[in-house]
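Trainee: here is a sequence with its predicted model. Questions after.
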Amino acid sequence: RSMALSLDRDAYYRRLRRLYGTWEKGEEELGGVDAIVVAVGVDEEIVYAKSTALQTWLFGYELTDTIMVFCEEKILFMASKKKVEFLKQVAHGKAGEGGNGVPAITLLVREKNESNKANFEKMIEALKSSKGGKRLGVFSKDKFPGDFMKSWNDCLTKEAFEKVDISAVVAYTMAAKEEGEVQLMRKAAAITSEVFSKFFKERVMEIVDADEKVRHSKLAESVEKAIEEKKYLAGADPSAVEMCYPPIIQSGGNYNLKFSVVSDKNHMHFGAITCAMGIRYKSYCSNLVRTLMVDPPQEMQDHYAFLLQLQDEMLKEMRHGAKLCDVYGAVMDVVKKQKPELLSKITKNLGFAMGIEFREGSLVINSKNQHRLKKGMVFSINVGFSDLANKEGKKAEEKTYAMFIGDTVLVDEEGPATVLTAVKKKVKNVGIFLKNEDEEEEEEEKDEAEDLLGRSSRAALLTERTRNELTAEEKRRAHQKELATQLNEEARRRLTEQKGEQQIQKARKSNISYKNPALMPKEPHIREMKIYIDKKYETVIMPVFGIATPFHIATIKNISMSVEGDYTYLRINFYCPGSALGRNEGNIFPNPEATFVKEITYRASNMKSPGEQTVPALNLQNAFRIIKEVQKRYKTREAEEKEKEGIVKQDSLVINLNRSNPKLKDLYIRPNIAQKRMQGALEAHVNGFRFTSVRGDKVDILYNNIKHAVFQPCDGEMIIVLHFHLKNAIMFGKKRHTDVQFYTEVGEITTDLGKHQHMHDRDDLYAEQMEREMRHKLKTAFKNFIEKVEALTKEELEFEVPFRDLGFNGAPYRSTCLLQPTSSALVNCTEWPPFVVTLDEVELIHFERVQFHLKNFDMVIVYKDYSKKVTMINAIPVASLDPIKEWLNSCDLKYTEGVQSLNWTKIMKTIVDDPEGFFEQGGWSFLEPEGEGSDADVGESESEIEDETFNPSEEDYEEEEEDSDEDYSSEAEESEYSKESLGSEEESGKDWDELEEEARKGEAIEAPLKPLRTH
């Protein structure tokens, strides 16, 4: 090992103090001991030994060929040069003088090939001078081979020391774990659980399903291989993970419920299959035992349930201060009372303490052990019955069976102990139930008969199918009816609560050029009555009736310059009430009653007057240019401020400096930071992500600001995407964004047609193969990143994966794309702009234009926040209607359908203006189609009433037009993404009847608004 390894000094002093404390109290065998000697040689065979465990506990590493001598007043370590370097970390400084409450350390270097006589003598000397100098505490079981160990042991034997085995008492000292050790054991147990559930159990199911013949030993090997794969390791580093022992898989009548046995070479039998496995993580062990049962008869299930009951009883008994033999006794009492016939079948002991060593021989739960449990001890508890007779068994391997369950548990102040290996173990979780063979045979016969009959049987199938579908539709209807009443009640309650919070409209800030006359610039231009532009204050100073008058740039609407004959005209138009300023006119001017200047025109000659260098009109031309410039600057700044308005201040990102952060390289970001797209890396830190582009731009996204994190795999897509839909918008690239995504292209988005002469040439197949591998690689990289991030945020941030099977086509913006539900949203992340709707915010879904002769329909999403504009998804193929209904129904979302398209802006306004009235008239039931329930006629008339009562004032109408206007302008910007699709949608094959029908409908809807067109 390279000795650049670091040693946790605090842990070393803390643990050494604990050891010396036990010694000073003279507990158990340590009572009469004068000194302690621990010598470790080199032996590849030994995995667990008390000596190496003590080293790992003190230093974090095993040190081979090292002798440790602990005396009353001093400590000596003898090791090779490299190891001495490593140990200097605890020998220097205060420690050397015996600070920190432990004796001082002397380090002795072992020479490779010379005699170490001098050093040995120093150690013997130290031993003799410690306390009585007679009795040495040693671990008598640990015997290491090799010359170095032999010469040292000869030295000790010559001196005739008395040796006492102190294994048990040291084990007891180390058994209560510190918080850090418990964390490692929790992790080890978590990895064991993952490997068992995700690999072993799945594999056994496959074997049983496919009726494979697999040997126990082979299956055990495959488990050992699986731990080299990251996906089973719950995010741990594979180099820190190993098996505690080769997995033990037993079935088919031969069982031995110990951990010292090996899996035999017999084939796995589909009966009771016991499996024991344990993962060791950073030197700390864990253990798990489960029994999988294929088609267990009732008696086997009853015995298994009893076994679980015994384990529960045992967990209850395990608490701080309880004696191990009492725990054992309590379990046996239950057996004696309830099923005395099983007393001879139960395992001889019920578990053992576990830590750096897998099995602590002195802390076994049996009838004799007087040791007491301590808070922080970790046990592997294992209960089993062997040699049980299966009355229903016919073959030899079915006649006897065993069952065995075990977990890693942590002892606490009070019972029950905490189970760290959380793998489910009820009968329904470990039983594998197959169909009976008789049933299968019957089915086969039926199939053959149908083949003979041919067509008629198919007809029977069809009738069957329609019958089932009807019931599905009816089920949905019933559920939807419940949802309808619920929906109206909840919406009503919500709106009455919100009543108090009306919005205040903001007055436009008035722009003041100069606070006082002293600030006016003293320029010759002003004195000469010329137009002057003051860039600092963004003001144009113009002569009006011989007085220099400042106008702020914000008051100027537009300017134009024209040349007519000998004169140049500069015309300046100002904003004033009545000139269309856009929406909600009235409030914009601080005092609209004042007198306003609407326009000013200046004229200047194009003729040079004698003696002048320049034409008088030049000043107007300059003014025109500069005003335009200042105006542009002001507008961009305003736009930026408007973007920033309402941005919620985010916490700052806490950077995690270590290199092991989850990180994905070579991603593109959308929306782009700069003009052209750039690659960069996404890295997860303590409380958020940071994307750093190659140019060095940074974008931070905090975990607590993420509403949805969606992972869109590349199956059937050209890109693989991580999409974040945020709660509050963030600013980058001078714009605000609520959707940010990181993606990588998979496969060629453009195909080079000139490349291939003939189709099946090898390059082509090779390229496809490469693409498949690339897709697989990217998917694994992204998945690993996601798993690590979820582990890092303790599952607070969860990535959702869209369900492709539930996806449907539709056009939320201008182009058609595949919309896919995730567990909490409906998304499309692959096209831009992206589309994300949170299902929790949705009030109801209404399908429009649902008619037999139409090929597609529209879907309107109404939000719980009625002031939010409804979302329309157009042109969904009719075939998707049923699957969409099924999905909405399963999400408990109310949906309705209708033939016409409704004017939603109007409907929502009506509701917001008078929520009480709306709900008194039956609320949302007006959307229900006629003939359903008693509300139908009410609903119908209500929408008519609405049409008549709704008379928008001119201002409203203006607003609506503005609205549509604005939509188009913003969409015009977007349309670069979707130019192709603009024309095509409308024309996609509607015949005259359809178009006329639509026109007729269109008129019906427009009708109430007709009279307004004349204003």
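Mentor: Perfect, thanks for sending it.

Trainee: contacts and neighbour counts: CA atoms only from here.
Mentor: Will do.

Trainee: Phe551: helix or strand, and which one exactly?
Mentor: Per DSSP states H and E: Phe551 is located in strand 547-552.

Trainee: can you pull out the strands in the stretch 751-900 of the chain?
Mentor: 799-800, 808-810, 817-821, 825-828, 835-838, 842-848, 856-863, 871-877, 894-897 (DSSP state E, counting those that start in this stretch).

Trainee: that older thread, downstream of the strand holding Phe551, the next helix or strand is which one?
Mentor: Helices and strands here follow DSSP H and E; after strand 547-552, the next one along the chain is strand 556-564.

Trainee: turn the strands of the stretch 751-900 of the chain into a markdown table, including mean neighbour count, mean pLDDT and distance to Ile381.
Mentor: Output for these, formatted as a markdown table (neighbours: other C-alpha atoms under 10 Å; pLDDT from 0 to 100; distance: least, C-alpha to C-alpha, whole Å):
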| stretch | mean neighbour count | mean pLDDT | distance to Ile381 |
| --- | --- | --- | --- |
| strand 799-800 | 20 | 92 | 36 |
| strand 808-810 | 19 | 95 | 51 |
| strand 817-821 | 22 | 94 | 44 |
| strand 825-828 | 21 | 95 | 44 |
| strand 835-838 | 18 | 95 | 46 |
| strand 842-848 | 20 | 94 | 50 |
| strand 856-863 | 22 | 95 | 54 |
| strand 871-877 | 19 | 95 | 57 |
| strand 894-897 | 21 | 92 | 51 |
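
Trainee: relative to Ala767, which of those is closest?
Mentor: strand 817-821 (26.5 Å; C-alpha to C-alpha).

Trainee: in CSV: the strands of the stretch 751-900 of the chain, plus distance to His776.
Mentor: Converted to CSV, the strands of the stretch 751-900 of the chain look like this (distance: least, C-alpha to C-alpha, whole Å):
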stretch, distance to His776
strand 799-800, 19
strand 808-810, 25
strand 817-821, 21
strand 825-828, 22
strand 835-838, 26
strand 842-848, 36
strand 856-863, 35
strand 871-877, 32
strand 894-897, 39
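
Trainee: what's the closest of these to Gln370?
Mentor: Taking C-alpha to C-alpha, strand 799-800 is the member of the strands of the stretch 751-900 of the chain nearest to Gln370, at 50.5 Å.

Trainee: and the closest one, what other elements does it pack with?
Mentor: strand 706-712 (3 or more C-alpha pairs under 8 Å, 6 or more residues apart in numbering; DSSP states H and E).

Trainee: other residues contacting stretch 557-575?
Mentor: Here stretch 557-575 makes contact (C-alpha atoms under 8 Å, 6 or more residues apart in numbering) with 555-556, 581, 597-607, 617, 620-621, 624, 628.

Trainee: let's see which of those residues end up in helices.
Mentor: Per DSSP state H, helices hold the following members of the contacts of stretch 557-575: 617, 620-621, 624, 628.

Trainee: among the residues you listed, which two are most distant?
Mentor: Ala617 and Lys628 (17.0 Å).

Trainee: the more surrounded of the two?
Mentor: Just comparing Ala617 and Lys628: by other C-alpha atoms under 10 Å the higher neighbour count belongs to Ala617, 22 against 16.

Trainee: dump the residue contacts of the more buried one.
Mentor: Ala617 is in contact with 567-568, 603-606, counting by C-alpha under 8 Å, 6+ apart.

Trainee: what's the pLDDT at it?
Mentor: pLDDT for Ala617: 89.

Trainee: next, count neighbours for the nearest residue to it once chain neighbours are set aside.
Mentor: Nearest non-adjacent residue to Ala617, counting by C-alpha to C-alpha, 6 or more residues apart in numbering: Ala604, 4.9 Å away. Counted with other C-alpha under 10 Å, residues neighbouring Ala604 total 18.

Trainee: over to Asp534?
Mentor: 20.

Trainee: is it bridged to anything, and to what?
Mentor: In this structure, Asp534 bridges to Thr539 when assessed by DSSP bridges.

Trainee: I figured it hits Val540, correct?
Mentor: Yes - counting by C-alpha atoms under 8 Å, Asp534 does reach Val540; the two are 6.2 Å apart.

Trainee: strands of the stretch 551-700 of the chain, start to end?
Mentor: Along the stretch 551-700 of the chain, the stretches classed as strands by DSSP E, counting those that start in this stretch are 556-564, 567-574, 599-605, 663-670, 679-684, 688-693, 698-702.

Trainee: now the third one, how far from the chain's geometric center?
Mentor: Taking C-alpha atoms, centre = their mean, to the nearest Å, the mean C-alpha location of strand 599-605 is offset from the chain mean by 65 Å.

Trainee: show me what it pairs with in its sheet, parallel or antiparallel.
Mentor: The strands beside strand 599-605 in its sheet (DSSP bridges) come out as strand 567-574 (antiparallel).

Trainee: let me see the mean pLDDT of the strand it pairs with.
Mentor: 93.

Trainee: and that strand, what's buried?
Mentor: 567-574 (16 or more other C-alpha atoms under 10 Å).

Trainee: can you tell me which of those is nearest Met68?
Mentor: Phe574 (93.3 Å).

Trainee: OK, contacts around the spatially closest residue to the closest one that is not a sequence neighbour?
Mentor: Excluding the flanking residues, the one nearest Phe574 by C-alpha to C-alpha, 6+ apart is Ile556, at 4.4 Å. By C-alpha under 8 Å, 6+ apart, Ile556 lies in contact with 572-575.

Trainee: low-confidence stretches in the stretch 801-950 of the chain?
Mentor: For the stretch 801-950 of the chain, applying pLDDT under 70 flags the ranges 930-950.

Trainee: please consider this matter closed, and thank you.
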